[in-house]
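Asker: Build me a model from this:
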Amino acid sequence: MILDKNQNEVKIGSKVKVLSIDPRYIASFPNEEAKIVKSMINKEFDVTDIEYEKPLVFQAFSNLSGIFLALDSHEMELVK
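Answerer: Next up, the predicted model:
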């Protein structure tokens, strides 16, 4: 079972708020993309999939590209 920071169950289709993203991960992107990844903090996303026991959320960079972000429990909060 996947849990958010408050021990609420998170499933595919759940809406979660991104609370934090590791700054080292953000820094691994080119400047413009890093700004987009950083802007995901404090925004709400639908969980689109689960891989390796982590829920995935998606953020587009453009019409042709984007990123799936895998979240740890402390990085997200279920939106009710």
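
Asker: export the strand ranked longest in the chain as CSV, just CAs?
Answerer: Criterion DSSP state E: the longest strand present in the chain is strand 54-60. The C-alpha coordinates for strand 54-60 follow below in CSV (Å, rounded to 0.1, in the frame of the first residue of the first chain):
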residue,chain,number,x,y,z
LYS,A,54,5.9,5.1,-5.9
PRO,A,55,3.0,7.0,-7.4
LEU,A,56,3.8,8.9,-10.7
VAL,A,57,2.5,12.3,-11.6
PHE,A,58,3.0,14.0,-15.0
GLN,A,59,4.1,17.6,-15.9
ALA,A,60,4.4,18.7,-19.5
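
Asker: Report all helices and strands that that strand contacts.
Answerer: Secondary structure elements in contact with strand 54-60, counted by 3 or more C-beta pairs under 8 Å, 6 or more residues apart in numbering; DSSP states H and E, are strand 15-18, strand 44-46, strand 49-51, strand 66-70. The C-beta positions use only the backbone N, C-alpha and C, and glycine is treated the same way.

Asker: winner for burial among the ones you listed?
Answerer: Mean neighbour count (mean count of other C-beta atoms under 10 Å) peaks for strand 15-18 among the helices and strands packed on strand 54-60, with a mean of 18.
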